[in-house]
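Asker: attaching a predicted model along with its sequence, questions to come.
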Amino acid sequence: MQTITASPVTRVSNRTTGLNQAVPASGFAPRSTKRSAALRVRATAEDGQKEEAEPVAVPPPPSPKPTPPRAPKVSTKFTDVLAFSGPAPEVINGRLAMIGFVAALGAELASGQDVFQQLANGGIPAFLGTSIVLSAASLVPLFKGVSVASKSDGIMTSDAELWNGRFAMLGLVALAFTEYVKGGALV
């Protein structure tokens, strides 16, 4: 059995010598052929057995480097930013809860007053002022199209901020409820 490599530009001939030889189909071999052209391997058998041809796959040339996927654009519409599932509500409420929880505990340790007494003794203007400033500071980047996740780095990630805000919200409610049930300051 004899194996001959053939391509679309060659033909197998055994006219003159009785041997199978690969010769160019047009009488000359071109200098450049497509790299993706399929090659065929022909095997001939002796004594009139059937000739089999199997295609051999040629690997395609390497493709160019894929471009990294682009981040989806963040909507800067007022209704999208402040929507129930938008980026602003939970971030702003979490940031206010973190500040509020630390401020309530700090003022309680300093003055001995519970949360309700702190609000009754002039704490409402401070609460409103802090809420307005922190809300505006949180909304400005969102209206410019900067997402909270794009500024995440190391241990200061947007997920960590969301979880800390959630726990601060729970802590502030638990602090107020405990002081209400107890009837005075926690510490």
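Answerer: That came in fine, so what should we check first? Numbers count the residues shown, from 1 in each chain.
Asker: where along this structure do the strands fall?
Answerer: Using DSSP state E, the strands of the chain run over 2-6, 10-13, 21-24, 39-44, 52-56.
Asker: any weak-confidence spans in this structure?
Answerer: By pLDDT under 70, the low-scoring segments of the chain are 1-57, 66-74.
Asker: let's see it at 80
Answerer: Per-residue confidence for the chain (pLDDT under 80) gives these ranges: 1-78, 147-152, 185-187.
Asker: run through who's touching stretch 148-158.
Answerer: By C-beta atoms under 8 Å, 6 or more residues apart in numbering, the residues outside stretch 148-158 that reach it are 71, 87, 91, 141-142, 159, 161. Where C-beta positions appear, they are placed from N, C-alpha and C, glycine not excepted.
Asker: if we go to 6 Å?
Answerer: Stretch 148-158 is contacted by residues 87, 91 when judged by C-beta atoms under 6 Å, 6 or more residues apart in numbering.
Asker: how about stretch 161-174?
Answerer: Under the criterion C-beta under 6 Å, 6+ apart, residues 94, 97-98, 100-101 lie in contact with stretch 161-174.
Asker: what is the nearest of these to Phe127?
Answerer: Taking C-beta to C-beta as the measure, Phe127 lies nearest Gly100 of these, at 7.5 Å.
Asker: give me the neighbour count for the closest residue to that closest one other than its chain neighbours.
Answerer: In this structure, Gly100 finds its nearest non-sequential neighbour in Leu172, 5.4 Å apart by C-beta to C-beta, 6 or more residues apart in numbering. Leu172 has 21 neighbouring residues, counting by other C-beta atoms under 10 Å.
Asker: how close does the residue lying closest to Thr178 once chain neighbours are set aside get to Glu90?
Answerer: Excluding the flanking residues, the one nearest Thr178 by C-beta to C-beta, 6+ apart is Leu186, at 5.9 Å. When C-beta to C-beta, to the nearest Å is applied, the distance between Leu186 and Glu90 equals 26 Å.
Asker: can you list the contacts of stretch 161-174 in CSV and add neighbour count?
Answerer: Formatted as CSV, the contacts of stretch 161-174 follow (neighbours: other C-beta atoms under 10 Å):
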residue, neighbour count
Gly94, 20
Ala97, 20
Met98, 19
Gly100, 22
Phe101, 22
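Asker: would you reformat these as TSV and include distance to Ala137?
Answerer: Rendered in TSV, the data for the contacts of stretch 161-174 read as follows (distance: C-beta to C-beta, whole Å):
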residue	distance to Ala137
Gly94	14
Ala97	15
Met98	13
Gly100	15
Phe101	18
